[in-house]
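In: this is the structure alone, sequence omitted:
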């Protein structure tokens, strides 16, 4: 599902503590998948998604020793927003670009509803929901810094790092302290990182847009708490 050219770009651009597992597409049942293609945009190598009523996820799972996520640096660019997208509305919950971090944790703390949703997800995709997912997003309207709880489960929380149309057509570079962001979103320290993913989705709003993902670097957090 990932072309040789796109796989080469992913290897060059995306740097994480994981050294064994490749970045691979993750398909959702019943959803159209728009591929990640190698591209060069405004002087930068990138992966391009031409989204059209689709959900595109590119994921790297963590198979090495448990990783505590530290500093995250990433870049992205879009040509338009998804009209009518609303991160808090289950029926319109699209975003042109996302960086998703999935974490392990004490699953005995999950509510019965969260357990049921996790089991349903396992039946549909072969995998349970992570204990918690922190998602960096570009929102249509919510101010930067807003935490948006997923309308279907509070185990997925989105942190708005880009908002509105002002920066369309421009590369946007971000640097985040993952532990601080997770504490802000969930009110507890993060557990071990289990996966990192890129996601572009326009299925709910039935819209079309282009999204580019540039470099991504995720560094582990040192044992002493320093980055």
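Out: Everything's here; your move. From a predicted model like this one, the values you see are computed outputs, not experimental measurements. Numbers count the residues shown, from 1 in each chain.
In: chain center to the longest helix that the chain contains: distance?
Out: For the chain, the helix with the greatest residue count under DSSP state H is helix 112-125. When distances are taken as Cα atoms, centre = their mean, to the nearest Å, helix 112-125 is centred 20 Å away from the chain's centroid.
In: can you check stretch 17-30 too?
Out: Relative to the centre of its chain, stretch 17-30 is centred 12 Å away, using Cα atoms, centre = their mean.
In: could you list the buried residues of the helix or strand bottoming out on mean pLDDT in the chain?
Out: Every helix and strand of the chain was ranked by mean pLDDT, DSSP states H and E. The lowest is helix 112-125, at a mean of 80. If you call a residue buried by 16 or more other Cβ atoms under 10 Å, then helix 112-125 has these buried ones: 114, 117-118, 121. C-beta here means a position set from N, CA and C on the backbone, and glycine is covered the same way.
In: please identify the pairing partners of the helix or strand that the longest helix of the chain is followed by and their relative orientation?
Out: Reading on from helix 112-125 to the C-terminus, the next helix or strand found by DSSP states H and E is strand 132-139. Strand 132-139 has its sheet partners listed here by DSSP bridges as strand 95-103 (antiparallel), strand 156-163 (parallel).
In: and the contacts of strand 132-139?
Out: By Cβ atoms under 8 Å, 6 or more residues apart in numbering, the residues outside strand 132-139 that reach it are 72, 74, 76, 78, 81, 85, 87, 95-103, 105, 146, 148, 155-164, 174, 176, 178, 181-182, 185-186, 190-191, 199.
In: and stretch 135-149, end to end?
Out: The first and final residues of stretch 135-149 sit 10 Å from each other (Cα to Cα, to the nearest Å).
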